[in-house]
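Novice: sequence-free structure coming up:
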């Protein structure tokens, strides 16, 4: 038993050393790669479920309180981790594929983004390649708008190993840029739904501009939303008109959260936001759109949502844009 504990301690030290080194890798944006910690865990994980979950907490969760000490996002009790690890095994091959592809594409994605947004202060940002415990694919915590969490397990489960990483990373990088040039209010509990719809539509639109070959399905990350969503735009936009001033999470979830089944595709707010941005981008540069806020933004979103509700503007294929 003492030998096993010693091995686990050595693995923790090795993992920490690798993580620190990866964060200093070439590139304007620091990347902290936690996936090698997962490989170390898989190599030595015991068969007993409780022991395995405790080791996972020791190797993966506890060394990174800056990520996992968010009770509103993560449940890290041992019974929950046992269930997660039972499901994780099936996604390990896809995680490895996505991890390798990120390493291959990272430099080109970053260069492409900086070419479009040269005022992005990338050195203040940090990307974590991590395990979201199947909570998300990509997320920027409200309490740290300089941190991008890329959940490699979430990517594998929700989108599969063939997902276009360049689209997802471009989308999330734009959120970092957007929050940098147009910060959220100090109390994020009072962000109006109009801004949430706008910022998701804007990031979706930018991900297409940076990836011109991407389809509507690619940038929305949802084939059903791309295929069926356009016909529901007038009805959902009419409903959204009444809720644009809402700061309630439940209301926001009706338009922006994923749910299975239902007559109407979920996340219609992304599609409506994309259509609003696409219209606005015909007359404004992206860097200008990124800085819209307050009454000007609210007025634009309300006007365009009303137009969509009447069917005056119809969803169309992604378009190319030139700044």
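Specialist: Alright, I've got the coordinates. These numbers were taken from a predicted model, which means no experiment stands behind them.

Novice: Would you mind listing where this structure has pLDDT under the threshold?
Specialist: 1-27, 312-323 (pLDDT under 70).

Novice: what's the residue closest to the geometric middle of it?
Specialist: residue 138 (2.5 Å; Cα atoms, centre = their mean).

Novice: Not counting its neighbours along the chain, what's nearest that one?
Specialist: Closest residue to residue 138 apart from its sequence neighbours, by Cβ to Cβ, 6 or more residues apart in numbering: residue 172 at 4.3 Å. Bear in mind the C-beta positions are built from the backbone N, C-alpha and C, glycine included.

Novice: and what of residue 137?
Specialist: Nearest non-adjacent residue to residue 137 (Cβ to Cβ, 6+ apart): residue 154, at 4.1 Å.

Novice: which phi and psi does the one you found have?
Specialist: When read as degrees, to the nearest 10, the backbone of residue 154 gives phi -60, psi -40.

Novice: looking at it, it is touching residue 130, isn't it?
Specialist: No. If you go by Cβ atoms under 8 Å, residue 154 and residue 130 don't touch, sitting 9.6 Å apart.

Novice: Break the protein down into its domains, please.
Specialist: 2-165, 188-309 (automatic domain parsing).

Novice: now the residue nearest to residue 138: how far from residue 249?
Specialist: Using Cβ to Cβ, to the nearest Å, residue 172 is found at 21 Å from residue 249.

Novice: more crowded one of those two?
Specialist: The neighbour comparison of residue 172 against residue 249 (other Cβ atoms under 10 Å) goes to residue 172, with 20 against 11.

Novice: For that one, which three-state class applies?
Specialist: Put simply, residue 172 is helix when judged by DSSP: H, G, I helix; E, B strand; the rest coil.

Novice: how about it, what does it touch?
Specialist: Counting by Cβ atoms under 8 Å, 6 or more residues apart in numbering, residue 172 touches 138, 140, 148, 150, 203.

Novice: if we go to 10 Å?
Specialist: 127, 137-140, 148-150, 203, 207 (Cβ atoms under 10 Å, 6 or more residues apart in numbering).

Novice: nearest to residue 298, of these?
Specialist: Ranked by distance to residue 298 (Cβ to Cβ), these are led by residue 203 at 18.6 Å.

Novice: tell me the SS of the closest one?
Specialist: Going by three-state DSSP: residue 203 is helix.

Novice: Surely it and residue 197 touch.
Specialist: No. Here residue 203 lies out of contact with residue 197, judged by Cβ atoms under 10 Å, at a distance of 11.2 Å.

Novice: anything in contact with each of these two?
Specialist: 270, 273-274, 277.

Novice: possible to save those as CSV with secondary structure?
Specialist: CSV is the format used below for the shared contacts of residue 203 and residue 197 (three-state DSSP):
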residue, secondary structure
270, helix
273, helix
274, helix
277, helix
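
Novice: Tell me which two in those residues are the farthest apart.
Specialist: Farthest pair in the shared contacts of residue 203 and residue 197, by Cβ to Cβ: 270 and 277, 10.6 Å.

Novice: overlap in contacts of these two?
Specialist: Joint contacts of residue 270 and residue 277 (Cβ under 10 Å, 6+ apart) are 197, 200-201, 203-204.

Novice: could you pull out the strands for this structure?
Specialist: For the chain, the strands defined by DSSP state E occupy 30-33, 126-130, 138-139, 147-151.
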